[in-house]
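Trainee: Okay, sequence plus prediction incoming.
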Amino acid sequence: METATAAHTDHHADVHGHEEHHHEETFLTKYIFSQDHKMISKQFLITGIFWGIVGGLLSVLFRLQLGWPNETFPFLESFLGKWAEGGKISQEFYYALVTMHGTILVFFVLTGGLSGTFANLLIPYQVGSRDMASPFINMLSYWFFLGAGVVMFFSFFIQTGPASGGWTAYPPINGLRDTAVNLGSGLGFDLWILGMTLFIVSALLGGLNYIATVLNMRTKGMNMFRLPLTIWALMFTAVIGVLSFPALLAGCVLLEFDRLLDTSFYLNNIIINGNLLGYKGGSPILFQHLFWFLGHPEVYIIILPAMGLVSEVLSTHSRKPVFGYKAMVFSILAILVLSFIVWAHHMFVTGLNPNLGAIFTLFTLLIAIPSAIKVFNWIGTVWRGKVRLSTANLFAIGFVSMFISGGLTGIILGNSAIDIQLHDTMFVVAHFHIVMGVSAFFGMFAGVYNWFPRLYGRYMNETLGLIHFYVTLIGAYAIFFPMHFMTGLPRRYYTYANFETFNNFNFLAEFISIAAIIVFLGQVLFVINFFYSIFKGRRVEVEKTVDGYDYGNPWGTTTLEWSSPIERLHGNWPGDIPAVHRWPYDYSVNGREYIPQTEALKPGEVPHE
Amino acid sequence: MNVTLTEKEILQEKTEYTGVHPQKFALWIAMASMTMFFAALTSALLVKKGDYRSWEGFTLPTVFLFSTFAVIGVSVCIHAALLSYRKSKFAQFRWLMFFSFLLGCLFLMLQLKGWSVLQAVGMTLTENLSGSFLYVITAAHGVHIAVGLLVMLVFIVNAFKNRKDPIYELRDIINPKRQLHLELLVSFWHYIDAVWVYLYIFFFLNYR
């Protein structure tokens, strides 16, 4: 502590000699066991990108099977080995691909990669605090995340292959360790449970830190209604996480007891090869309740951060205040509350009491209200703004488009009666990929392009960014829009060859697969752009230099993150933390393009609130 | 330029908004999370009890009542330890911590005893769902207790190891971080003890 203070004082006395005072930050403490929220954010982001590539690649592989079920691809055998003998993906591996694609993208990319990156980066910066409530627990959060990833990745290389019973992990198939029933229900699924347990610990440790930081560690003048919408969204996301992940953990604990110690929580009268197993009394539906009590809030854990990022990016790049700030906040709150009481809409066809189904339908449809408010406000934000068509903003606008397209089918699917027809068909796949998967990705890309300068002091390449955007936007619609019209086509099937009636979808399936491959290549462009720009990107312009620190503000934002020097600084601000005097969306007011939150009100100026 | 502030400096800057230290607040959120975990398990029990016709009720072993007393004893003891710490009575603090630790261990042994009583009457882990739930929930709670004991042990070892070091004791008086960490530990123990009391009442009402 004494040395830190000394370095601190020295710096004011001798601003030019500051290189000598490099505080004992070794490679290990700086990059590996860092407790600095910005470095942890980068760790989450890069790990998330790795998982994004893996998850995307898996989908390309199973699209090969779905698009060309009768073809063989000899090159597959050379790197998948026994999983693709003769160049044809085996049935077991196909199910493993589908399962792991879901698991990886839902949890490792769009939960860990998205919340982990932006909550870590933005919460301390934008609320004005030196770091998280507990930097140590924050570091642990990343290390549990990485550990979870290592376990999951390892499961690809074991003899029976990774989990293949669906990302929802339903018993009874996943409740038995019998690999004769299903290869992936062996060790692969044990590793899945272990990986998910580590992941849940990571999400909980991260989440409680995020909430405590936002509520307790705001700078002077930063009252709750001066928080940017990113912070509101990330905080409510964390609240959902800490309240719903424990239910999944409980579900997984009971499941693993069934698997390893032969209890019967989820299993009842199982007959295999004519033998009645000893399980009695369990109910697989119980697992579904526990799973979807997390599973449904989980989709809001995915989409809310994206919504927050998009609100901020749209406002910044349209040079206009966010339209309906408080309506946005209360909409997020409404979504949070509703997210906990709609889980059974995933279970309409499990034999759920129809009267109960009606109640869940009602709550589900109620979500349309806050969602519509938010969409209206985003459009209101962009409306007649000085819109910059930067990559970040295009992705934000793309998010709104995707969210509307996917949201509309949600209204259809939320009805318990219609769900009898649509359950487990490609219509559902289209719905949730557009509204949650692709939308959240768009939000994340908007965030990455927008805050890349904050992370690395450089811009990402705009031309590559634009190509990436158009390929992704058009490609994503090309993949998922046709799925709406594959009437009655069940999802997760290995082949439809035995169903005469589905032959007329062959062309669409092939078209979707081609689009998926192109979109995947488009994402490779993003990855190249990302890593190239870390080292060679255009530097952020220096606006002013104070006490030897360079300051910039690449997008002209009002929020606190750019009141900190361009350089990464543990503690974020070299001197005192700046105080806040106004709300975060003073764009195009008083004849100015933007007024930073740190600027005091002029005499006679009426604050926004 | 890297001015590295220590965690303490970062934390001392402000806690003005809720009047609660951020880390203590974080612990409260963790408690909410753990509450959801036990709520999920106990509501799963209720659901199964409701829809499983061959649910076998059994009398809850009396041992669990004694473990309830043990766990209340931990709470009383560790709270007294905190109070003596605040009054800088470190000798008293050390012994009260030690007793809390013993009572915590006693609790775990009584839980194991409870399991063996159940085994003796034929209610094994896989015998009936009613028993399975009891084993799993008590085990899940026991893991929390064990973690609490491990952390408590760290405090005790430090306190005894440094008992003849006047500077260490002086820092006990003036070091707010050390006091904070003790408060966090005590809060956790009160919480996890209360969870057991809840679980005991819950089991008592459901296994008859």
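Mentor: Good, I have the coordinates. Numbering: from 1, shown residues only, chains lettered A, B, ... in the order given.
Trainee: contacts and neighbour counts: CA atoms only from here.
Mentor: Fine.
Trainee: Can you tell me what sits against stretch B:80-93?
Mentor: By CA atoms under 8 Å, 6 or more residues apart in numbering or on different chains, the residues outside stretch B:80-93 that reach it are B:94, B:96-97, B:169, B:172-173, B:179, B:182-183, B:186.
Trainee: one more time with 6 Å, if that's ok
Mentor: B:96-97 (CA atoms under 6 Å, 6 or more residues apart in numbering or on different chains).
Trainee: Endpoint to endpoint, it covers what distance?
Mentor: 8 Å (CA to CA, to the nearest Å).
Trainee: and if you look at stretch B:49-59?
Mentor: End-to-end for stretch B:49-59, by CA to CA: 15 Å.
Trainee: same question for it, mean pLDDT?
Mentor: Mean pLDDT, computed over stretch B:49-59, is 89.
Trainee: for chain A, which spans come out with low pLDDT?
Mentor: Applying pLDDT under 70 to chain A flags residues A:1-25, A:609.
Trainee: tally of neighbours for A:Val606?
Mentor: 9 (other CA atoms under 10 Å in any protein chain shown).
Trainee: which SS class is it?
Mentor: Following DSSP: H, G, I helix; E, B strand; the rest coil, A:Val606 is assigned to coil.
Trainee: same deal with A:Ser588?
Mentor: Once three-state DSSP is applied, A:Ser588 turns out strand.
Trainee: Need phi/psi at the closest residue to it other than its chain neighbours.
Mentor: The spatially closest residue to A:Ser588, leaving aside those adjacent along the chain, is A:Tyr594, at 5.7 Å (CA to CA, 6 or more residues apart in numbering or on different chains). Main-chain dihedrals, A:Tyr594, degrees, to the nearest 10: phi -160, psi 150.
Trainee: For A:Tyr594, list each beta-bridge partner.
Mentor: A:Tyr587 (DSSP bridges).
Trainee: And the helices in chain B?
Mentor: In chain B, the helices defined using DSSP state H lie at B:7-12, B:22-51, B:63-86, B:90-120, B:129-161, B:166-174, B:176-206.
Trainee: List the residues that contact the residue nearest to A:Ser588.
Mentor: Contact analysis of A:Tyr594 by CA under 6 Å, 6+ apart lists A:586-588.
Trainee: before we move on, what about A:Ala509?
Mentor: A:Ala509 touches A:Gly67, counting by CA under 6 Å, 6+ apart.
Trainee: on that earlier part again, quick check, nearest of the contacts of A:Tyr594 to B:Phe58?
Mentor: A:Asp586 (66.3 Å; CA to CA).
Trainee: Are there helices or strands packed against the helix or strand where A:Lys42 lies, and which ones?
Mentor: Per DSSP states H and E: A:Lys42 is located in helix A:37-67. Under the contact criterion of 3 or more CA pairs under 6 Å, 6 or more residues apart in numbering or on different chains; DSSP states H and E, helix A:37-67 touches helix A:91-103, helix A:117-127, helix A:506-536.
Trainee: what's the closest of these to B:Val157?
Mentor: Closest to B:Val157 of these is helix A:117-127 (CA to CA; 34.6 Å).
Trainee: Return the set of buried residues in that closest one.
Mentor: Within helix A:117-127, the residues that count as buried by 16 or more other CA atoms under 10 Å in any protein chain shown are A:117-127.
Trainee: on that earlier part again, format the helices of chain B as CSV; extra columns: distance to A:Gly112 and mean neighbour count.
Mentor: Formatted as CSV, the helices of chain B follow (distance: least, CA to CA, whole Å; neighbours: other CA atoms under 10 Å in any protein chain shown):
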stretch, distance to A:Gly112, mean neighbour count
helix B:7-12, 25, 16
helix B:22-51, 18, 19
helix B:63-86, 37, 20
helix B:90-120, 35, 19
helix B:129-161, 25, 17
helix B:166-174, 39, 14
helix B:176-206, 27, 17
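Trainee: Can I get those helices in a markdown table including distance to A:Trp562?
Mentor: Output for the helices of chain B, formatted as a markdown table (distance: least, CA to CA, whole Å):
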| stretch | distance to A:Trp562 |
| --- | --- |
| helix B:7-12 | 20 |
| helix B:22-51 | 25 |
| helix B:63-86 | 43 |
| helix B:90-120 | 48 |
| helix B:129-161 | 40 |
| helix B:166-174 | 37 |
| helix B:176-206 | 31 |
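Trainee: Confidence-wise, which of these is weakest overall?
Mentor: Minimum mean pLDDT among the helices of chain B: helix B:7-12, a mean of 46.
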